[in-house]
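K.L.:
Coordinates for the following, if possible.
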Amino acid sequence: IVTGEFGAGKTTELERLHVTAIDKLLEDPNRPIPIFMQASDLTNGPLLGAVRDEIAGLGDPTRAGVFLLVDGVNEIDLDVASLEDRLATLLAQCPGSIVVLATRQQEELRGYTTVPLPPLTEDEFESIIAAICPEAQARALRPELEDALKRPLFAIHYAVLRRERNWNALHEAELVNSLA
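P.N.:
Next up, the predicted model:
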């Protein structure tokens, strides 16, 4: 389970894993079939049905297994215990499968490893901002923005707004609202 705050890079990390899994499948067709899904697509019925729909024509998940990446688990009303049971059933039906979930902090699922995405260091977010908007002075930021800029989404968004609009948010709330 990949965990992190809003904007920490959970979706990006799942996308990276998905691309890597596709590359590995192209090298070795016996590897599990990679699938990237939104949690909202898994709210009803057995997971195997949703998986079969998603990979129609790519192979039999009960033989090849799947590398299932599910984003946005926290964004839907999903009973964690029910999800645990459904995942256990899918893993029993599709031997050799791997499941990676992305969520903000929530209840832990039994038997799953949780990997929190760490915040960016000050040097990392300053490097991102400087790469996008060299004239921005990251060190001159108000302390109220530093927590937000430790998340990649906000560091990138801030730098783009500075470059394109000479925009300078004063508070994290302004930065969050500018995403809408």
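
K.L.:
Secondary structure element holding the nearest residue to L47 once chain neighbours are set aside?
P.N.:
Nearest non-adjacent residue to L47, counting by Cβ to Cβ, 6 or more residues apart in numbering: L90, 4.1 Å away. Using the backbone N, CA and C atoms, a C-beta is placed for each residue, glycine as well. Assigned by DSSP states H and E, L90 falls within helix 80-93.

K.L.:
residues of that helix that come out buried?
P.N.:
Residues 83, 86-87, 90-91, 93 are the ones in helix 80-93 that count as buried (16 or more other Cβ atoms under 10 Å).

K.L.:
coming back round to it: who's in contact with the residue nearest to L47?
P.N.:
L90 sits next to 46-48, 51, 66, 68, 97, 99 when contact means Cβ atoms under 8 Å, 6 or more residues apart in numbering.

K.L.:
Measure how buried E164 is and give me the count.
P.N.:
10 (other Cβ atoms under 10 Å).

K.L.:
Tell me which helix or strand comes right after the helix holding L90.
P.N.:
strand 98-103.

K.L.:
Report the buried residues of that following strand.
P.N.:
Quick answer for strand 98-103 (16+ other Cβ under 10 Å): 99-103.

K.L.:
One more: stretch 54-62?
P.N.:
Buried, per 16+ other Cβ under 10 Å, within stretch 54-62: 54-55, 59, 61.

K.L.:
cool, stretch 20-34 as well?
P.N.:
For stretch 20-34, a neighbour-count test (16+ other Cβ under 10 Å) marks 21, 25, 31-34 as buried.

K.L.:
any residues touching that stretch, and which ones?
P.N.:
18, 55, 58-59, 61, 64-67, 69, 96-98.

K.L.:
I132: which of the residues you listed is nearest?
P.N.:
Of all the contacts of stretch 20-34, I132 sits closest to H18, with 25.0 Å by Cβ to Cβ.

K.L.:
C-terminal to the helix ranked longest in the chain, what's the next element?
P.N.:
Assignment by DSSP state H gives helix 10-27 as the longest helix of the chain. Downstream of helix 10-27, the next assigned helix or strand under DSSP H and E is strand 33-38.

K.L.:
who does the closest residue to I55 other than its chain neighbours bridge with?
P.N.:
Closest residue to I55 apart from its sequence neighbours, by Cβ to Cβ, 6+ apart: I33 at 5.3 Å. I33 forms beta bridges with V66, as assigned by DSSP bridges.

K.L.:
how close does I33 get to A50?
P.N.:
13 Å (Cβ to Cβ, to the nearest Å).
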